[in-house]
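Visitor: Predicted model follows, preceded by the sequence.
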Amino acid sequence: MRLDVFTLVPHAFAWLTEQRPLAGVLGDGLELRLLSYRDYTPLRSGQVDDEPYGGGAGMVLRVDVVAAALDAVYGARPEHRVIALTPQGRQLTQELVEELAHEPALTLLSSRFEGFDERIVEHLATDAVSIGPYVLSGGELPAMVLLDAVARRLPGALAEGSGELESFSAELGGGLEHPHYTRPADFRGWKVPDVLLSGDHAKIEAWRREHLR
């Protein structure tokens, strides 16, 4: 997969690229490009946003700036999905993550402060995605969330089979995993269920199935 992220702060992604599972697929299963709007803006002094028409607080990412960036990178309208990260978008779920992980290429558009000129979402993006019903200062964190969620579903990102039996997976009917425990077996009187210490894999599997959340 090739995944492009357009952002005002490309350096914000540096730490994520050094962490697994993303680090494990970079350059192999994933080509990641972090692109700054300021490198492509047609405006003077690196301007990328402006005051909203009609007044109000905050600054809005300009449509001509985003169009110029997309034109410069792709030369024409991209044939793959271009996702605007905005609260008005489709809620990010594991089902959507699985869908996106099968795409050969994706472009993520992030913004800052008051968000996008609406024409970006309407005419330049093919999809709008939200990570939740709350407000953040920019689209970088949503982009990282989507990037991490998609990257871990790419071949080679996780150990064989470890991504199939986890929370929200189809194997678990979209629900949550069973509780997990590790050493010590008894801490302050809080004991691990005996069945998990029994060594009886059939009983352990039955217990886990019974305790899906």
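Guide: Now that the structure is in, tell me what you want to look at. Residues are numbered from 1 along each chain as shown.
Visitor: The helix or strand harbouring residue 204: how far from the chain's middle?
Guide: Assigned by DSSP states H and E, residue 204 belongs to helix 201-210. Relative to the centre of its chain, helix 201-210 is centred 32 Å away, using Cα atoms, centre = their mean, to the nearest Å.
Visitor: For it, C-alpha coordinates in CSV please.
Guide: The C-alpha trace of helix 201-210 is given here as CSV (Å, rounded to 0.1, in the frame of the first residue of the first chain):
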residue,chain,number,x,y,z
HIS,A,201,-6.7,-26.0,26.5
ALA,A,202,-10.3,-27.1,25.7
LYS,A,203,-11.6,-25.8,29.0
ILE,A,204,-9.5,-22.6,28.6
GLU,A,205,-11.0,-22.0,25.1
ALA,A,206,-14.5,-22.6,26.4
TRP,A,207,-13.9,-20.2,29.3
ARG,A,208,-12.7,-17.5,26.9
ARG,A,209,-15.7,-18.0,24.6
GLU,A,210,-18.0,-17.6,27.6
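Visitor: Buried by neighbour count: which residues of it qualify?
Guide: Neighbour-count burial for helix 201-210, counted by 16 or more other Cβ atoms under 10 Å, picks out 204, 207-208. No exception for glycine: its C-beta is placed from N, CA and C like everyone else's.
Visitor: for stretch 39-47, same thing?
Guide: Buried residues in stretch 39-47, counting neighbours by 16+ other Cβ under 10 Å, are found at 40-41.
Visitor: Quick one: residues in contact with that stretch.
Guide: The contact list for stretch 39-47, computed with Cβ atoms under 8 Å, 6 or more residues apart in numbering, reads 38, 48, 62, 64-65, 68-69, 72-73.
Visitor: One more: stretch 204-212?
Guide: Contacts of stretch 204-212 (Cβ under 8 Å, 6+ apart): 172-173, 175-179, 193, 195-196, 198.
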